[in-house]
Structures are given as structure tokens and as C-alpha cells.
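# build me a model:
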Amino acid sequence: MDGVCTLANDYVYDQLIALLNSIEAIMGEIPVCIYPYDQNTEKNCG
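Now for the predicted structure:
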């Protein structure tokens, strides 16, 4: 299965949204897995 995996937390939330928008614009709908970088993930998991 093809897809993208990345690390993220609330500190890089805006960059994560930009990355997801870029992936969708360039590659279309593909699976994306976001692993928490640390416990600071309230925005990303909500």
C-alpha cells in the first residue's frame, strides 16, 4: 500500500495542515499516517 507517514505535534500544527493540503493537491487522496512526536497533541487528535 502506498501512503505517507510523518511525525507531528501541536508545535508544528500549521505546517502539518500545509503538508496535508500539499499532499492532497499533488497526489490526490492517499493514506496518511501521523505519528505523535510527543504528548503535545491536543490539536492534532481533536
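# now for Asn40: which residues touch it?
Taking Cβ atoms under 8 Å, 6 or more residues apart in numbering, we find Asn40 in contact with 9-11. C-betas here are computed from N, CA, C, even on glycine.
# that one and Val12, how far apart?
To Val12, Asn40 is 10 Å away according to Cβ to Cβ, to the nearest Å.
# what stretches of the protein score poorly on pLDDT?
The chain contains residues with pLDDT under 70 at 1, 44-46.
# next helix or strand past the longest helix seen in it?
Criterion DSSP state H: the longest helix present in the chain is helix 13-27. Following helix 13-27 in sequence order, the next helix or strand is strand 32-36 (DSSP states H and E).
# and Gln15, how far is that from Cys5?
When Gln15 is compared with Cys5 (using Cβ to Cβ), they lie 16 Å apart.
# let me fix that, I meant to ask about Asp14.
Going from Asp14 to Cys5 by Cβ to Cβ gives 20 Å.
# what does Asn21 give?
17 Å.
# and Ala25, by the same measure?
Taken as Cβ to Cβ, the span from Ala25 to Cys5 is 19 Å.
# my guess is Cys5 contacts Cys33. True?
Yes - Cys5 lies in contact with Cys33 (Cβ atoms under 8 Å); the separation is 4.4 Å.
# mind listing what Asp38 touches?
Taking Cβ under 8 Å, 6+ apart as the test, what Asp38 contacts is Asn9.
# now render the contacts of Asn40 as TSV, adding neighbour count.
Listed next are the contacts of Asn40 as TSV, based on neighbours: other Cβ atoms under 10 Å:
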residue	neighbour count
Asn9	18
Asp10	18
Tyr11	13
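# what would those look like in CSV with secondary structure and distance to Glu29?
What follows is those, written out as CSV (DSSP: H, G, I helix; E, B strand; the rest coil; distance: Cβ to Cβ, whole Å):
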residue, secondary structure, distance to Glu29
Asn9, coil, 25
Asp10, helix, 25
Tyr11, helix, 27
